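Novice: below is the structure, and that's it, no one-letter string:
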């Protein structure tokens, strides 16, 4: 007689678990431009299927919500129907027995509030308002809208120089982005629906590493107009490059001795070699851009002077000022801003941390760079203190993994409380207060609060603060530039209202952001400055993109970049990651589904040939 049994999953359970994984991949790679009302209905149906059906609000109410939304999609509804949807969702949220029903109804309630105009348009006109100018998923997700399937197809055919030229139509930093881009394009890659996203960033790096010649874009005739670009980082140089291609005379003002901004003074060589950066900058300067380094605009020369001397100005100063912890003891010696330490290393002045104990405070990419750099500077022990969990860190997952692999110890759920000094006023310890995870906020990350326990002492000789940066806006504020929370106020076109001829973008407007976001801001600024100056120049590429070959695309593993075996990392800033081999690049290119020609991307307008 059997009583208890060893439970084994049935064949049907195995199949449904596989389907769950497939659906999760599809949701992850959902492209921009999908109808939000249609997606809301389908999400609701999934939630309804997951309900236990015990309580009436879930069993009956969710079904009624689905029927009402279907009426909207069929054009058999009016504004009263949409109001009823919102009221029904709110009622279910109030009366459902558990969080499952509450969350299902909340999904609809948030949707009705967030895209009510789409609900109304479906009800009254039978179509959706929601859409995107660029519909190819990877291109739409790239802030600069680089032609990803185009250059992947070119690389597949061995035309690496053409691939780089095509990238430069939208991004003059192909080499830099091949090494350090955060690749948001991969999040929307529809290859997710088959297996995993194409390694777009790795393929781009292969192209720039193997391109034997540099094809230049055509340059317009001189217009007689002059533009000053303040800031020689990725955003400023992007604007300068495209404005120069449009025929305008551009002068870049840079505070430091060399161009590059945070690319040179914030990203260590083991991630981005200086030669790779210089390759892009040298190409940009070939267009005839003038450069004035060692000039601090706002102090050495005023903004008003520039406004009189030039027809237009683009402010693209980076976020180089550090943010303070705001705790007792922060004035101790050896409390170092991460941006300052990384800048020193970028300038060739490497601090000696041999045998020292270092605490890095923060959870972003800068904190990971500081952790890994401290280890290379000889620190005996490096701890990275973060107030949330590793899953909540804003750093790229590969950066976190590599920091841990190199010997960095990440201490989570600890918030800095105060800094202990020795008799000489130097750091002797960082006191941290343990945190407890709490409710999830509007940003999707859980909040934290002090746990009911005693502070913890972490002995250290140095504290590196990496909790964010800000722009140095004071000199510009004194000249009348309006700011909000330390950033310039600018329109979406980058124009600064009331300034006359000043535009601003990148970190100067958004706060610290990524390389590709800075590039995108520079591209937008160049386009609108050209219009402001009375022109309508177009940037295009003459590269002919190969037609796809119809073929089957069976599941295939993704090629990830390997790590170079560099042995002892102390004083070793050699490149950590190894690029793809010819075989790997060819295989990874073949995984591209060519959404520019097939399916979604082609159906909704396809690629944009010029801007």
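Specialist: Alright, I've got the coordinates. In this text, all values refer to a predicted model and were calculated from it rather than measured experimentally.

Novice: which element is residue 292 on?
Specialist: strand 290-293 (DSSP states H and E).

Novice: who does that strand touch, helix- and strand-wise?
Specialist: The contact analysis (3 or more C-beta pairs under 8 Å, 6 or more residues apart in numbering; DSSP states H and E) places strand 290-293 against strand 249-254. For glycine as for every other residue, the C-beta is placed from the backbone atoms N, C-alpha and C.

Novice: residues contacting the strand it packs on, please?
Specialist: 222, 224-232, 236-237, 240, 243-244, 259, 288-295, 297, 301, 306, 310 (C-beta atoms under 8 Å, 6 or more residues apart in numbering).

Novice: and the helices in the stretch 351-500 of the chain, which stretches?
Specialist: Ranges of helices in the stretch 351-500 of the chain, per DSSP state H, counting those that start in this stretch, are 365-376, 397-405, 474-478.

Novice: try the stretch 501-611 of the chain
Specialist: Applying DSSP H, counting those that start in this stretch to the stretch 501-611 of the chain gives helices spanning 507-510, 515-532, 582-590, 599-603.

Novice: tell me what the first one is packed against?
Specialist: Contact here means 3+ C-beta pairs under 8 Å, 6+ apart; on that basis helix 507-510 packs against strand 487-488, helix 515-532.

Novice: run the last query once more with 7 Å
Specialist: strand 487-488 (3 or more C-beta pairs under 7 Å, 6 or more residues apart in numbering; DSSP states H and E).

Novice: repeat for the longest one
Specialist: Under the contact definition 3+ C-beta pairs under 7 Å, 6+ apart, helix 515-532 sits against helix 174-180, helix 234-245, strand 312-315, strand 502-504.

Novice: name the helices or strands packed onto the second one?
Specialist: Packed against helix 234-245 by the contact rule (3+ C-beta pairs under 7 Å, 6+ apart) you find strand 226-230, strand 249-254, helix 274-285, helix 515-532.

Novice: quick check: mean pLDDT of the last one?
Specialist: Along helix 515-532, the predicted confidence averages to a pLDDT of 97.

Novice: what residues of that helix count as buried?
Specialist: Buried residues in helix 515-532, counted by 16 or more other C-beta atoms under 10 Å: 515-530, 532.

Novice: out of the contacts of strand 249-254, which are buried?
Specialist: 225-232, 236-237, 240, 243-244, 259, 289, 291, 297, 301, 306, 310.

Novice: follow-up on the earlier one: can you tell me which of the helices of the stretch 501-611 of the chain comes nearest to residue 278?
Specialist: helix 515-532 (15.6 Å; C-beta to C-beta).

Novice: sorry, back to before: now the helices and strands packed on helix 234-245 as JSON lines including distance to residue 146?
Specialist: Putting these into JSON lines (distance: least, C-beta to C-beta, whole Å) gives the following:
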{"stretch": "strand 226-230", "distance to residue 146": "21"}
{"stretch": "strand 249-254", "distance to residue 146": "22"}
{"stretch": "helix 274-285", "distance to residue 146": "14"}
{"stretch": "helix 515-532", "distance to residue 146": "8"}
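
Novice: for these, which one sits closest to residue 34?
Specialist: Short answer: helix 515-532, nearest of the helices and strands packed on helix 234-245 by C-beta to C-beta, at 22.2 Å.

Novice: so that closest one versus strand 249-254, what angle?
Specialist: Following axes from the mean of the first three to the mean of the last three C-alpha atoms, to 10 degrees, one obtains 140 degrees for the angle between helix 515-532 and strand 249-254.

Novice: contacting residues around helix 515-532?
Specialist: Outside of helix 515-532, the residues within contact range by C-beta atoms under 7 Å, 6 or more residues apart in numbering are 142-144, 170-171, 173, 176-177, 180-182, 227, 233-236, 238-239, 242-243, 246, 263, 312, 314, 316, 493-495, 503, 505-507, 510, 537, 611.

Novice: picking that back up, out of the helices of the stretch 351-500 of the chain, which gets nearest to residue 195?
Specialist: helix 397-405 (18.3 Å).

Novice: off-centre distance for that closest one?
Specialist: Centre-to-centre, helix 397-405 and its host chain are 18 Å apart (C-alpha atoms, centre = their mean, to the nearest Å).

Novice: ok, now stretch 26-40?
Specialist: On C-alpha atoms, centre = their mean, the centre of stretch 26-40 falls 20 Å from that of its chain.

Novice: ok, stretch 250-270 next?
Specialist: 20 Å.

Novice: make a ChimeraX selection of the buried ones in the contacts of helix 515-532.
Specialist: Command for ChimeraX that selects the buried part of the contacts of helix 515-532, burial taken from 16+ other C-beta under 10 Å:
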select :142,143,144,170,171,173,176,177,180,181,182,227,233,234,235,236,238,239,242,243,246,263,312,314,316,494,495,503,505,506,507,510,537,611
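
Novice: least trustworthy helix or strand in this structure by mean pLDDT?
Specialist: Least confident helix or strand, the chain: helix 599-603 with a mean of 56, by mean pLDDT, DSSP states H and E.

Novice: what's the domain layout of the chain?
Specialist: 34-125, 137-215+548-603, 226-320+471-532, 322-468 (automatic domain parsing).

Novice: ok, residues contacting stretch 430-444?
Specialist: So stretch 430-444 is contacted by 359, 385, 387, 389, 413-420, 446-451, 453, 455-458, 460, 463 (C-beta under 7 Å, 6+ apart).

Novice: quick check: ChimeraX command selecting the buried ones in the residues you listed.
Specialist: Buried residues within these, by 16+ other C-beta under 10 Å, are selected in ChimeraX with:
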select :359,385,387,389,413,414,415,416,417,418,419,420,448,458,460,463
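
Novice: of the contacts of stretch 430-444, which belong to strands?
Specialist: Taking DSSP state E, the ones among the contacts of stretch 430-444 that sit in strands are 359, 385, 414-420, 446-450, 456-458, 463.

Novice: give me the buried positions along stretch 328-344.
Specialist: Applying 16+ other C-beta under 10 Å to stretch 328-344 flags 329, 332, 334-344 as buried.

Novice: what's the offset of the longest strand seen in the chain from the middle of its chain?
Specialist: Identified as the longest strand of the chain according to DSSP E is strand 427-440. Offset of strand 427-440 from its chain centre (C-alpha atoms, centre = their mean): 27 Å.

Novice: now do it, average pLDDT.
Specialist: Mean predicted lDDT for strand 427-440 stands at 95.

Novice: do the same with stretch 569-587
Specialist: pLDDT averaged over stretch 569-587 gives 95.

Novice: quick one on the thing from earlier: got the domains of the chain as CSV, with distance to residue 9 columns?
Specialist: Converted to CSV, these look like this (distance: least, C-beta to C-beta, whole Å):
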stretch, distance to residue 9
domain 34-125, 19
domain 137-215+548-603, 22
domain 226-320+471-532, 42
domain 322-468, 27
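
Novice: deepest-packed of those, please.
Specialist: Counting by mean count of other C-beta atoms under 10 Å, domain 226-320+471-532 has the highest mean neighbour count of the domains of the chain, with a mean of 21.

Novice: tell me who's in contact with the residue lying closest to residue 407 once chain neighbours are set aside.
Specialist: Nearest residue to residue 407, sequence neighbours excluded (C-beta to C-beta, 6 or more residues apart in numbering): residue 375, at 5.5 Å. Counting by C-beta under 7 Å, 6+ apart, residue 375 makes contact with 382, 406-408, 569.
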